[in-house]
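S.K.: need a 3D model of the following:
(one chain, ligands or ions: 2)
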Amino acid sequence: MSEDKPTVLIIDDEALVLRASARVLKRQGYEVLTADGGQIGLEVASTHQPHVALVDLQMPGMHGTEVVARMREVSPYTECVVVTGHGTVNDAEKVLKLGASDYFEKPISDWARFHQVIRQAIRIRGLKRENAVLRTDGFDNLIGNSSPMRKLKETIRNFAPHDVPMLITGESGTGKERVARAIHDASGVADGPFVAVNCGAIPDNLVESQLFGAVRGAFTGANRETTGFFGAAAGGTLFLDEIGELPLSSQPKLLRVLQEREFTQIGGTRPRRMTARILAATHQDLPKRIRNGEFREDLYHRLRVLYVDVPPLRERRDDIPHLTYFFVQKLAAKLKKKVVGIDDDVRVALTNAPWQNNVRDLENTLYRAMILCDSDRLQLKHFSGLDESPAGPSPTSTGPEEAATPDWFAAAMDMDWAGAKAEVELQFGRAYCIARLKQTGWNITRAAEMSGMQRPNFKRLVKRLNIEKPDDIKG
Ligand SMILES: Nc1ncnc2c1ncn2[C@@H]1O[C@H](COP(=O)(O)OP(=O)(O)OP(=O)(O)O)[C@@H](O)[C@H]1O
Ligand SMILES: [Mg+2]
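M.R.: Numbers count the residues shown, from 1 in each chain. Ligands and ions are numbered 1, 2, ... in the order given. Next up, the predicted model:
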């Protein structure tokens, strides 16, 4: 298997289908392998480790469901796409639960979607492989493999073991809190608590009692002893989020705690040792706040012994497909939706969007789209204000002739004459027989008669074309 040419393995017991899809895929530049049964398919997969396996469901011997279930053992990074006979979509849905990435029905008539599904499966495989590599780096929840993210992770790895304060900067929504957690997880205090405090959300007059705690009766309303955030984070990490919002009047007290590594509850007499690791974050320009007299310079330097800057999403667009995949999976589970695909134009639009509020924007956009999604694919119509490309639609895209050309014709132009003819015959055969059978209420004798064929011949044709009687037709 060469890495530059994606390999597709087609597992189908029908020679006609094998030949037709193999031809289409070869034309598109794929390396194609074929297997005419489940068992042999798994053997080929284990020796060739293909990118994608197109698995037929109805096969004598090993059923497609079993092939999909066992694929992971023999070739963990092969994405299975299931091909089902007409009317067996419920089966296909079961197979998706086993880990197939998508499915479509035979006969394949929408070739544009066929290619899109294959491309998407190859992409998913790539992302899964990369994510698996990233998992081993210990940053399971910090998605991203762009060059800036790799640098960031390297910095975190180097800094995390050192118990000195660290300042995390970056625009709103870039993932500063995620980074703080990653630092905590990679530090020597990962088993201890991670306590996050939003410094901007505490009323000015309560900051100190919230941070340091208070003894009973320390002030009006303090009718019981409180621990405070420093106490709660003992042996772990205290994450001071939005540190730029900390009132000026409380800043000297925080500075003293950082210097002396001791804090005293309000009204208390005995100082306690500060054993929490301190992380702080802000999206604000602290040097500017210092110049404006809103933030103390000495505190700034104390907090910024080590520092990391989380880059905006627009500077690491390579992370967008990874993040999208991560959020879609997470949201699909949360919303109990089965979304298996993302249209190509959506992917392009997501990669090019400005993302003013960075990763949070992307997550919220996908959240809305997933709620609105009424099929198993995310389409442009599920997004508002997301344009395909900043340049706008291509002016050459749909001329009148092109719009009038049926899908099968475009697909046929990918094949040589014999292949195209076989494919069109296959499509036509199915359409014709299904129409006849519907016309006669699935009466084979009558349908054969109307087609000018012998009953046994018509019956064989129906079987060869993999046409099955829908459940809603009785008898
Ligand atoms: N690399 C990432 N991997 C996975 N999820 C991420 C990543 N970066 C951000 N997120 C998610 O995006 C959202 C915003 O991230 P986060 O809250 O950490 O941003 P922030 O930088 O703290 O923003 P703000 O300055 O507005 O507080 C969160 O839901 C977070 O889980
Ligand atoms: Mg935050």
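
S.K.: so which residue of the chain comes closest to ligand 1?
M.R.: Residue of the chain nearest ligand 1, by C-beta to the nearest ligand atom: residue 175 (2.5 Å). Placement of C-beta: from N, CA and C, glycine included.

S.K.: list the contacts for that residue?
M.R.: In this structure, residue 175 makes contact with 142, 310, 358-359, judged by C-beta atoms under 8 Å, 6 or more residues apart in numbering.

S.K.: just the helices in the stretch 151-300 of the chain please.
M.R.: Remark: helices assigned in the stretch 151-300 of the chain by DSSP state H, counting those that start in this stretch are 176-186, 207-212, 228-232, 251-260, 286-291, 297-303.

S.K.: okay, those helices in TSV with mean neighbour count next?
M.R.: As requested, the helices of the stretch 151-300 of the chain are arranged in TSV below (neighbours: other C-beta atoms under 10 Å):
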stretch	mean neighbour count
helix 176-186	21
helix 207-212	21
helix 228-232	20
helix 251-260	16
helix 286-291	14
helix 297-303	18
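
S.K.: on contacts alone, who are the packing partners of the one helix or strand residue 346 maps to?
M.R.: Secondary structure here is read from DSSP states H and E; on that basis residue 346 sits in helix 344-352. Contacting helix 344-352 under the criterion 3 or more C-beta pairs under 8 Å, 6 or more residues apart in numbering; DSSP states H and E are the following elements: helix 111-135, helix 320-335.

S.K.: distance from the very next helix or strand once past the shortest one to the middle of the chain?
M.R.: What it means is helix 320-335. Along the chain past helix 320-335, the next helix or strand (assigned with DSSP H and E) turns out to be strand 341-342. Its chain's C-alpha centre and that of strand 341-342 lie 10 Å apart, by C-alpha atoms, centre = their mean, to the nearest Å.

S.K.: list the strands paired with strand 341-342, with their directions.
M.R.: Neighbouring strands of strand 341-342 in its sheet, by DSSP bridges, are strand 377-378 (parallel).

S.K.: now, the most widely separated pair of the contacts of residue 175?
M.R.: Farthest pair in the contacts of residue 175 (C-beta to C-beta) is 142 and 358. Separation: 14.0 Å.

S.K.: contacting residues around residue 122?
M.R.: With contacts defined as C-beta under 8 Å, 6+ apart, the neighbours of residue 122 are 6, 51-52, 79.

S.K.: over to residue 15?
M.R.: When the contact criterion is C-beta under 8 Å, 6+ apart, the partners of residue 15 are residue 36.

S.K.: and for residue 129?
M.R.: Residues in contact with residue 129 (C-beta under 8 Å, 6+ apart) are residue 77.

S.K.: likewise residue 66?
M.R.: Here residue 66 is in contact with residue 38 (C-beta under 8 Å, 6+ apart).

S.K.: how about the helix or strand in which it is found, which residues are buried there?
M.R.: When elements are defined using DSSP H and E, residue 66 is found to belong to helix 64-74. By neighbour count on 16 or more other C-beta atoms under 10 Å, the buried set for helix 64-74 is 64-68, 70-71, 74.

S.K.: show me where pLDDT drops low in the protein?
M.R.: Within the chain, the segments meeting pLDDT under 70 span 1-4, 86-89, 133-138, 387-416, 418-419, 472-475.
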